[in-house]
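In: Fold the following for me, if possible:
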Amino acid sequence: MPPAVVPVGEDGGGEKEQAARRSCHVAWSAWWSRVGRCLLASTLQPCHAALGLSPAAPSCASSPAVVRGTLFLPSTGDRRVRLFLHEHAAPVKSAVPAPLLVLDLPAGLAGTDIAAAGRIVLECQREWAGSGGALLESPKWLVYCNGGRAGFATRREAPSDAEGWAMEKLWAVTAGAGWLPGGGVEYLRGRFERIVGSSDAESFHLVEPIGWLGVHGDGGLSIFFHRI
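Out: Okay, the predicted model is just below:
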């Protein structure tokens, strides 16, 4: 909440009045400074505390805090990068759990582009999801990488049979990189922290391993989803 304004009586004396005005000015300046930082911050970082407001109720209370992220990077044929997000849970009876998300990234977006940028941003419009369901259920996304548009990503309900087979073979790998059996497809796999900012904004941040995509910097990777 903004700071309260305390009136100064006329009998308080000039010095007291000036001190009170200075105190009021400092309080309001600090509050507006917090508001300014909030307005400049990403929409993925809620600023309820900065504004003195009650925090918004989480849009997905049961969302896992850590997920497994996998990238398939084919070197032949259809070279679109595939992104898979799964709950970071032990499989039941050796079965890989249903994915939270399966995305085919734009054809022109290579793994080296993602590695160099260290982040990709995926944007969807509310009408693309029809009834406006969960954020990650949008059928398509406009992808931004390295400061520009990279094209559209499309969501699939499930991996293909070949991808499902490969995922079963990789499920014991918590974090790492290599080539799938038979060659031709490189994989990158790690643990991501999931942050739900609101019903229209989520992000996933690589926590292990660090440097797996290291082309520039520390090799970190962040994936942002937001709906407009």
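
In: drop to CA atoms for contacts and neighbour counts, all remaining ones
Out: Will do.

In: what's next to stretch 134-141, contact-wise?
Out: By C-alpha atoms under 8 Å, 6 or more residues apart in numbering, the list of residues contacting stretch 134-141 from outside reads 100-101, 122-124, 128-129, 152-156, 199-201, 225-227.

In: What segments of this structure are strands?
Out: For the chain, the strands defined by DSSP state E occupy 66-74, 82-87, 101-104, 119-124, 140-145, 148-156, 176-179, 185-198, 201-208, 222-227.

In: Any chance of JSON lines for these, columns distance to Ala95?
Out: Converted to JSON lines, the strands of the chain look like this (distance: least, C-alpha to C-alpha, whole Å):
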{"stretch": "strand 66-74", "distance to Ala95": "15"}
{"stretch": "strand 82-87", "distance to Ala95": "12"}
{"stretch": "strand 101-104", "distance to Ala95": "17"}
{"stretch": "strand 119-124", "distance to Ala95": "29"}
{"stretch": "strand 140-145", "distance to Ala95": "28"}
{"stretch": "strand 148-156", "distance to Ala95": "19"}
{"stretch": "strand 176-179", "distance to Ala95": "20"}
{"stretch": "strand 185-198", "distance to Ala95": "18"}
{"stretch": "strand 201-208", "distance to Ala95": "23"}
{"stretch": "strand 222-227", "distance to Ala95": "26"}
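
In: looking at these, which is buried most?
Out: Comparing the strands of the chain by mean neighbour count (mean count of other C-alpha atoms under 10 Å), strand 66-74 ranks first with a mean of 22.

In: What pairs with it, parallel or antiparallel?
Out: strand 82-87 (antiparallel), strand 185-198 (antiparallel) (DSSP bridges).

In: Let's have those strands in JSON lines, adding distance to Gly69 and mean pLDDT.
Out: Formatted as JSON lines, these follow (distance: least, C-alpha to C-alpha, whole Å; pLDDT from 0 to 100):
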{"stretch": "strand 82-87", "distance to Gly69": "5", "mean pLDDT": "95"}
{"stretch": "strand 185-198", "distance to Gly69": "6", "mean pLDDT": "93"}
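
In: TSV for these, including distance to Met167?
Out: Shown next, in TSV, are these (distance: least, C-alpha to C-alpha, whole Å):
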stretch	distance to Met167
strand 82-87	9
strand 185-198	10
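
In: Which one of these lies nearest to Gly133?
Out: With distances scored as C-alpha to C-alpha, the stretch of the strands paired with strand 66-74 nearest to Gly133 is strand 185-198 (13.1 Å).
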